[in-house]
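Engineer: give me the fold of what follows.
(chains A, B, C and D)
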2 protein chains.
Amino acid sequence: MTASRPAKETHQVERRRRPRGAVRDGLVAAGLELARTGGPDAVVLREATRMVGVVPNAAYRHFADRDELLAAVCAAAMDELAARMAAGVARVPGRHGDPDAARGRLGAIGTAYLAFAREEPGLFATAFALPHQHAYGIPDTATGPDRTGPESTGPESTVQDRTPLGQLRTALDELADAGLLDRSRRDGIEYPVWATVHGLAVLAGSGPLRDVPEAARHHLDELIFGFIQDGLAGG
Amino acid sequence: MTASRPAKETHQVERRRRPRGAVRDGLVAAGLELARTGGPDAVVLREATRMVGVVPNAAYRHFADRDELLAAVCAAAMDELAARMAAGVARVPGRHGDPDAARGRLGAIGTAYLAFAREEPGLFATAFALPHQHAYGIPDTATGPDRTGPESTGPESTVQDRTPLGQLRTALDELADAGLLDRSRRDGIEYPVWATVHGLAVLAGSGPLRDVPEAARHHLDELIFGFIQDGLAGG
DNA sequence: GTATTTAGTGGACGTTGTACACATTATCAA
DNA sequence: TTGATAATGTGTACAACGTCCACTAAATAC
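Structural biologist: Below you'll find the predicted structure:
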């Protein structure tokens, strides 16, 4: 403390030498790792700062509070799910409109969804965890169109959205283009399909159907896919 | 302190005057109220003891730790769901085997399920919240038949189980008895049906489809029920 | 009536989220 | 270049939580 700014080469704490936004990104990445092994509740602010190598309060320069960090982590987890789905779809060959390809891509979407839920239960739970904003308040009285409601598509859905629902919509549209899904049944059908796959993912992932043996798990998947096929074919 | 046991009527802290098991039951009831308004994370041990009027450590005479209390609260929440479903089914008139009654009872089950998820989001989330045993461990390697696997029914499913899955099974059996569900399609069909309803309950309750307006919500319900009907009818 | 179990109290510790004051570096105007 | 201002990290502190330990009074068993 004698000199005003002495020996800068020794080891002056190396304060603030990280590139811009590195701490923020690091916190999200750390939170993602915590979420991967422990779900949303495991993303604890202090632990994340510890992993990044900063003091706990440093996080508050980048996030208003823990919930805002968690929100970023949730978004990252959702992105990872979307990426896996897109990768699975991309692996299916065949031009648009080809019935086999259309079927294959829809199947790939469902498979990727279930695989993610099974292989990364923590991230899956985190992706769908609402950051405790006010969590479970009064049933809500006419909330405006704030959050992702029925996925407000643009004028004509020009740019494809990578969200799970967006990818599902694309696959179902192709199924209709290929003549495998009656146009009169297309409208809104994405919700029952999504609900069915998501329901199985939740029930078998962290719900009452967790720890059913691997064989039965596969059987459940087949049951679900068959059920969806029947639902798409219609009565 | 002069007499060995003086003035018992004054105000000697009124220690231990509660009936047997009252504290335990009170803790679960308190936890249930906390869960009702805040979900599983809101069931905090100290707050529950405060509501019951005992010191925090008193809880440890009845539960090994917070997770064990939470487990009891989860079971209570699941019971409430089951009770609502049973009540809904009981409201539908008609003898066993009557097609209208069979359809009505299956519908009542789904309706009660969705209504519970919508009216009591905290309890619904709690009912399906696994108490953080080790939560999201390694994907599990051949776990034995410990937890509620595929709902091990007795020899011939003599006594009806009130669990949601049990009630759904009963309704589907009746549907088959009434000739509305092909016997060849009955086996295992409860899982896709459950998954579909549960998926919608989760997505619309605390998931990305929360805060869709009331009207669209009803439309979603109809879509789901129609989809299930088609799935039951088969291709 | 005494001994033993049961069920509550009191105090303490470590961890968490977060607020306030402070210090240092980056950015930009003069 | 210099000096103001914003951005970003540090330190200290506090309340609340889950949980541990020692102690004590009531209920029960012998």
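Engineer: tell me which helix or strand residue A:84 sits in.
Structural biologist: helix A:66-90 (DSSP states H and E).
Engineer: can you pull the buried residues of that helix?
Structural biologist: A:66-67, A:69-74, A:76-78, A:80-82, A:84-86, A:88-89 (16 or more other C-beta atoms under 10 Å in any protein chain shown). The way it works is simple: take the backbone N, C-alpha and C, and place the C-beta from them, glycine included.
Engineer: same for DNA strand C: which of these are within range?
Structural biologist: Among those, proximity to DNA strand C is found for A:66-67 (C-beta under 7 Å from any atom of the strand).
Engineer: circling back: contacts for the helix holding residue A:84 next, please.
Structural biologist: A:27-28, A:31-32, A:34-35, A:40, A:43-45, A:48, A:59, A:62-63, A:105, A:108-109, A:111-113, A:115-116, A:120, A:123-124, A:126-133, A:162-164, A:167, A:171 (C-beta atoms under 8 Å, 6 or more residues apart in numbering or on different chains).
Engineer: next SSE after that helix?
Structural biologist: Next element after helix A:66-90 (DSSP H and E): helix A:99-119.
Engineer: which helices and strands sit right next to that following helix?
Structural biologist: Applying 3 or more C-beta pairs under 8 Å, 6 or more residues apart in numbering or on different chains; DSSP states H and E, one finds that helix A:99-119 contacts helix A:66-90, helix A:121-127, helix A:164-177, helix A:190-205, helix A:214-233.
Engineer: ok, now with 6 Å
Structural biologist: Using 3 or more C-beta pairs under 6 Å, 6 or more residues apart in numbering or on different chains; DSSP states H and E, the elements in contact with helix A:99-119 are helix A:66-90, helix A:164-177, helix A:190-205.
Engineer: need the ones you listed in TSV with mean pLDDT, can you?
Structural biologist: Shown next, in TSV, are the helices and strands packed on helix A:99-119 (pLDDT from 0 to 100):
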stretch	mean pLDDT
helix A:66-90	98
helix A:164-177	98
helix A:190-205	98
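Engineer: now do the contacts for the residue of chain A at minimum distance from chain B.
Structural biologist: Closest residue of chain A to chain B, C-beta to the nearest C-beta: residue A:199 (2.9 Å). Residues in contact with residue A:199 (C-beta atoms under 6 Å, 6 or more residues apart in numbering or on different chains) are B:195-196, B:198-199.
Engineer: residue A:30 now?
Structural biologist: Residues in contact with residue A:30 (C-beta under 6 Å, 6+ apart) are A:48, A:51-52.
Engineer: where does it fall, secondary structure wise?
Structural biologist: Short version, using DSSP H and E: residue A:30 is in helix A:22-38.
Engineer: is that helix up against DNA strand C anywhere?
Structural biologist: No: contact of helix A:22-38 with DNA strand C (C-beta under 7 Å from any atom of the strand) is absent, the minimum separation being 9.6 Å.
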